[in-house]
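>>> Got a predicted model here, sequence first, then my questions.
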Amino acid sequence: MQHHVLPCKKFEPVTPEINLMQTDLLRKTAPQIRTIDSIDLPNPTHFQLDNGVETWCINSGEQPVLKIDLIFKAGSIFGKNPLTSQITNLCLREGTKSYSSEQIAEIFDSCGASLNMHSNRDDARVTLFCLTKHLNTLMPVLAEVVLSPIFPENEIKTVAENARQDFLVEMQKVKFISRRNFGRLVFGNDHIYSRYEDVVDYENINRDDLLGFYQQFYESARFRIIASGKIPNDIRQTINMHFGKHRVLEQNPSTEGTIEPSQTTGVHFFEKADSLQSGLNIGKILFNLRHPDYNRMKVVSTILGGYFGSRLMANIREDKGFTYGIHSMTTSSQHAGLFHISTQVGTEVTPAALEEIFKEIELLRSAQVKKSELELVKNYMTGLLQQQADGPFAQGEMLKAMLDYQLDYSYYKKYLETIKTVTIEEIQDLAVKYLDPNTMLSVVVGSNNKR
Amino acid sequence: MVHCDNSTPMAAMSIIYDVGSRDEDPEKTGFAHLFEHLMFGGSVNIPKYDEPLEKAGGINNAYTSNDLTNYYLSLPAPNIETGFWLESDRMYQLAFSEKSLEVQQNVVTEEFRQTHLNQPYGDAWMLLRPLAYTIHPYRWPTIGKEISHIQNAVMEDVRAFYNTYYNPDNAVLAVSGNVTTTLVQQLAEKWFAPIENTGQHRRNLPAEPVQTDPRFLEVEREVPADMIYKAWKMHHRNDPGYYAADLLSDILGNGKSSRLFRRLVMEKKVFTELECYVTGSFDPGLLVISGRPSEGVKIGDAEKAILDEVSILLEEKPENGELQKVKNKVEAHLKFSQMNVLNKAINLAFGEILGDAGLINSEFEKYNAVTKEQILQVAGEVLHPSKCSTMYYLAKNSNR
């Protein structure tokens, strides 16, 4: 087996010019700033395991720690019960052929490691965080969790019941209810992304479904591995030994159900008795990052509500004091993308807040953004990209986001280029084209008796 | 304090003021946190704090705790001077805008609602604190005792607070990232050295008397399930006993292999959620066990199940392996907490305000030195029934 010495990036220390004159006048003037022209991401090492599983390694950072991410196409869109994906994912660590739930917990805790399970609509992930020195102890157990789980009845019951109780608590929060109802209405009932769980779904969880889901979407499924952090030189051999030997299918099964959204528009109110705040979600179906306008729309959305000094924050929070926070964003999933504003505002100011939000949307459409404002947003977004690339785990996440769309790090170069070149005219054109208030859905969850 | 790290193109800054909600007037609670919001309302030479930072590609935030107020930012390293300029100007002279005060009173009111009043169990700590503390200012939460305290704040209070606490000799500054010590020193001299102290404060907080009897509170709320909270008085953050007590809490409740989780959630199914943690406060703090009993389990029985686990720790030393396990968890946790420049800056500043910036390097040794005999001893000191405050937070109409 070939042993790689993986590259590790270093940066030159900065030496900005400092004006050492000390006068109070100096305080009036901002220090010189440098804008970011390029983003430096460490080149990942890429290889295939014996069974064809694709693996990427990012060797960077100062701490002797490591993250191993196993990413399966096993999100909620693949299950009939909206919870099957999540509970299957959670139960992987609740017992395997060689280890009980308790032993697994004990082994990871003993190394101070954590084994995180996470699933969303598209993916399910199993993530190991550990000190690099413990990798060889933990890899066999990690492999068992993913390749030989037994889904014991007793543990399944406990996991499902605890999750049900968490769900009941979440259902008391206007933020949660609003997000759910927005999701249902924005995609339409039949869409694969509007499969939200209800209490009854927790009660219907059973071992056969989990096992069936596991066999279809994990056991011989094609998955991806991303390792990031302080990576040992024999990583390829180690990963291959544990994850490269079982048979993996060429093609994963696809999801059943429609990916054509049928979005509702208008304002939809849902009562939450005696609530002191209303949970607001406003937005529409847009497109995901495969669309040529995606990055430019990110700039539009950032101007509107994507940073602390944004228009929505400046108006709804910093001028009116209606809320603790308000955000707008564009989000991208495999089969759809959204433009989306969310906030919680005082019950009594809910109508006024809605009015102001739409005023801000209209303003983006009716008037050009000032050059200085666009300049600031461009600098902010490029700076943010560099922030997001700080540290090996963050770099791993950035890579994952790209792989989801069969892209690579070169995407970020284009992203940076788009941000730097977008014009004030384009911003307005995009707002006119995509942010027509008549096409928007507004969901309000709150109390009517106090309004 | 400076930490140079050339594995990153970023730099970060953390500035901690030695003031928290424990320094507040009992009739004007929530003020330290409200004031933190006002620090973003502009300084005398810079009308908007955020704008120049965003222009320099930076992000920032702040938090207030019972003990301290931390302002932090990170940005591309070549723009680090922007951070010095911004932070020094608001230490130099705040703008004291009436509009900012009025708006932030409303913003904090909404924050109060969002985080404490309009959330299931959101007011639990507003109830638990005054049960556990009778005279020490930890008896109110950072957000404040009640919304009226926020609404009643006036500009005179703001000025007085600023002059008393927002002084160079009441703050520490840490910079981390792709910088050199020489550069940071020059910038610190340039921007912070000319700022004069405008006031002085000597902390003289009432010490909480030793608790000699168990305390109990029962409340009913519109929540889906009961919760139980048990809070024991424990050591302050700088007390040598703190490390043993923290490890004790880890043995009980940190992670899926911890005693409480394993026995009471996975095996006996008495709880659907159960944790144990310490507040880690600078004055004597709390070791807390909080949990959500399973449907159909009486809260008294759930409490007894907790006490049974506690009594085992009072009688038997933990096994070597179990102690080593929680130490390993601490070791990993400390390493993971130094993954980016911002955390490093914050950890350095936090250590220094506690008395020793070197804590970032020496803290693991303090945990590692704890013996199983000390765990047994500290369990006896802390987990004593007379030092416990218990709250039953009951679901209205539940079938208990």
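Alright, I've got the coordinates.
>>> Now the element after whichever strand or helix holds A:L70, going C-ward?
Counting by DSSP states H and E, the element that carries A:L70 is strand A:65-72. Going down the chain from strand A:65-72, the next helix or strand is helix A:84-91, by DSSP H and E.
>>> Could you figure out how far that following helix is turned away from strand A:65-72?
Here helix A:84-91 points in a direction 140 degrees away from that of strand A:65-72 (axes from the mean of the first three to the mean of the last three C-alpha atoms, to 10 degrees).
>>> helices or strands next to helix A:84-91 in the packing?
When contacts are defined as 3 or more C-beta pairs under 8 Å, 6 or more residues apart in numbering or on different chains; DSSP states H and E, helix A:84-91 packs onto strand A:114-119, strand A:124-131, helix A:153-170, helix A:207-214. Yep, even glycine has a C-beta here, placed from its N, CA and C like the rest.
>>> Phi, psi for the nearest residue to A:V349 once chain neighbours are set aside please.
The shortest distance from A:V349 to any non-neighbouring residue, by C-beta to C-beta, 6 or more residues apart in numbering or on different chains, is to A:F322 (4.7 Å). Main-chain dihedrals, A:F322, degrees, to the nearest 10: phi -80, psi -20.
>>> measure A:F322 to B:H116 for me?
Going from A:F322 to B:H116 by C-beta to C-beta, to the nearest Å gives 18 Å.
>>> These two - which one has more neighbours?
A:F322 (25 against 18; other C-beta atoms under 10 Å in any protein chain shown).
>>> Might you report the residue contacts of that one?
A:I316, A:V345, A:G346, A:V349, A:A352, A:A353, A:E356, B:N106, B:E110 (C-beta atoms under 8 Å, 6 or more residues apart in numbering or on different chains).
>>> Could you check how many residues crowd around the closest residue to chain A within chain B?
Closest to chain A within chain B is B:G57: 1.9 Å, counting by C-beta to the nearest C-beta. Neighbours of B:G57 under the rule other C-beta under 10 Å: 28.
>>> need the contact list for it.
Contacts of B:G57 by C-beta under 8 Å, 6+ apart are A:33, A:35-36, A:379-380, A:382-384, A:386-387, B:75-76, B:79.
>>> Backbone dihedrals for A:K320, both of them.
Here is the backbone geometry of A:K320 (degrees, to the nearest 10): phi -90, psi -20.
>>> cool, and B:Y71?
phi -110, psi 130.
>>> That one and B:Y49 touch, don't they?
No: with contact defined as C-beta atoms under 8 Å, B:Y71 does not count as touching B:Y49 (9.6 Å).
>>> what sits in contact with each of these two?
Shared contacts of B:Y71 and B:Y49, defined by C-beta under 8 Å, 6+ apart, are found at B:M39, B:N60.
>>> Can you tell me the closest non-neighbouring residue to the residue of chain B closest to chain A?
A:G383 (1.9 Å).
>>> What is the burial count for that neighbour?
Quick note: A:G383 (other C-beta under 10 Å) scores 25 neighbours.
>>> Assumed A:K433 was part of a strand.
No: secondary structure of A:K433 (DSSP: H, G, I helix; E, B strand; the rest coil): helix, not part of a strand.
>>> ok, so what distance separates it from A:I419?
19 Å.
>>> ok, the two, which is more surrounded?
It is A:I419, of A:K433 and A:I419, that has more neighbours when counted by other C-beta under 10 Å, with 21 against 12.
>>> Check what pLDDT that one gets.
According to the prediction, A:I419 has pLDDT 96.
>>> Checking my notes, B:M13 in a strand, right?
Yes: counting by three-state DSSP, B:M13 is part of a strand.
>>> list the contacts for it?
B:Y72, B:L73, B:S74, B:I80, B:G83, B:F84, B:E87, B:L173, B:A174, B:V175, B:S176, B:A345.
>>> mind listing what's buried in stretch B:334-353?
B:334-336, B:338-353 (16 or more other C-beta atoms under 10 Å in any protein chain shown).
>>> how does chain B divide into domains?
B:2-191, B:215-395 (automatic domain parsing).
>>> same question, chain A
Split by automatic domain parsing, chain A gives A:45-243, A:266-446.
>>> Make CSV from these and add distance to B:R129 to it.
Output for the domains of chain A, formatted as CSV (distance: least, C-beta to C-beta, whole Å):
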stretch, distance to B:R129
domain A:45-243, 22
domain A:266-446, 21
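>>> quick one: the residue most central in space within chain B from A:L441, how far?
Geometric centre of chain B, nearest residue: B:S65, 5.0 Å, by C-alpha atoms, centre = their mean. Per C-beta to C-beta, B:S65 is found 39 Å from A:L441.
>>> now the strands for chain B?
B:2-4, B:10-17, B:59-64, B:69-76, B:171-177, B:215-221, B:227-233, B:271-278, B:286-293, B:388-395 (DSSP state E).
>>> in the stretch 201-350 of chain A, which spans are helices?
For the stretch 201-350 of chain A, the helices defined by DSSP state H, counting those that start in this stretch cover A:207-214, A:235-243, A:294-305, A:311-312, A:350-366.
>>> To A:L185, which of those lies closest?
helix A:350-366 (16.0 Å; C-beta to C-beta).
>>> Centre of the chain to the closest one, how far?
27 Å (C-alpha atoms, centre = their mean, to the nearest Å).
>>> quick one: contacts of the following helix or strand past that helix?
Where DSSP H and E defines the elements, the next helix or strand beyond helix A:350-366 is helix A:371-388. Outside helix A:371-388, the residues within contact range by C-beta under 8 Å, 6+ apart are A:33, A:35-36, A:39, A:298-299, A:302-303, A:306-307, A:309, A:394, A:397-398, A:412, A:415-416, A:419-420, A:422, A:424, A:427, B:9-10, B:51, B:54-59, B:74-76.
>>> can you tell me which residues contact residue 140?
No chain specified, so I'll use chain A. A:P140 neighbours (C-beta under 8 Å, 6+ apart): A:H242.
>>> That was the other one, I meant chain B.
The contact partners of B:W140, taken as C-beta under 8 Å, 6+ apart, are B:S21, B:E24, B:P26, B:T29, B:G30, B:M126, B:R129, B:P130.
>>> Take those residues and write them to CSV, including pLDDT and distance to chain A.
Below are the contacts of B:W140 laid out as CSV (pLDDT from 0 to 100; distance: C-beta to the nearest C-beta, whole Å):
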residue, pLDDT, distance to chain A
B:S21, 97, 18
B:E24, 97, 21
B:P26, 96, 25
B:T29, 97, 18
B:G30, 96, 14
B:M126, 97, 14
B:R129, 98, 21
B:P130, 98, 22
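>>> now that we have these, which one has the most neighbours?
For the contacts of B:W140, neighbours tallied by other C-beta under 10 Å; top is B:G30, 27 neighbours.
>>> What spatial separation is found between the closest residue in space to that one that isn't next to it in sequence and B:M155?
Nearest residue to B:G30, sequence neighbours excluded (C-beta to C-beta, 6+ apart): B:G144, at 2.2 Å. Separation of B:G144 from B:M155 (C-beta to C-beta) stands at 18 Å.
>>> more crowded one of these two?
Between B:G144 and B:M155, B:G144 has the larger neighbour count (other C-beta under 10 Å), namely 26 against 14.
>>> Check whether that one really touches B:E27, as I assumed.
No: contact criterion C-beta under 8 Å: B:G144 and B:E27 do not qualify, at 10.9 Å.
>>> one step back: report the contact partners of the residue nearest to B:G30.
B:S21, B:T29, B:G30, B:F31, B:H33, B:L34, B:F112, B:I150.
>>> could I get these as TSV with distance to B:M234?
TSV is the format used below for those (distance: C-beta to C-beta, whole Å):
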residue	distance to B:M234
B:S21	19
B:T29	23
B:G30	25
B:F31	27
B:H33	24
B:L34	29
B:F112	28
B:I150	30
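>>> so which of those would you say is closest to B:V382?
Nearest to B:V382 among the contacts of B:G144, counting by C-beta to C-beta, is B:S21 at 24.0 Å.
>>> Count the neighbours of the residue lying closest to the closest one once chain neighbours are set aside for me.
What sits nearest to B:S21 in space, not counting adjacent residues and going by C-beta to C-beta, 6+ apart, is B:T142, at 4.4 Å. B:T142 has 20 neighbouring residues, counting by other C-beta under 10 Å.
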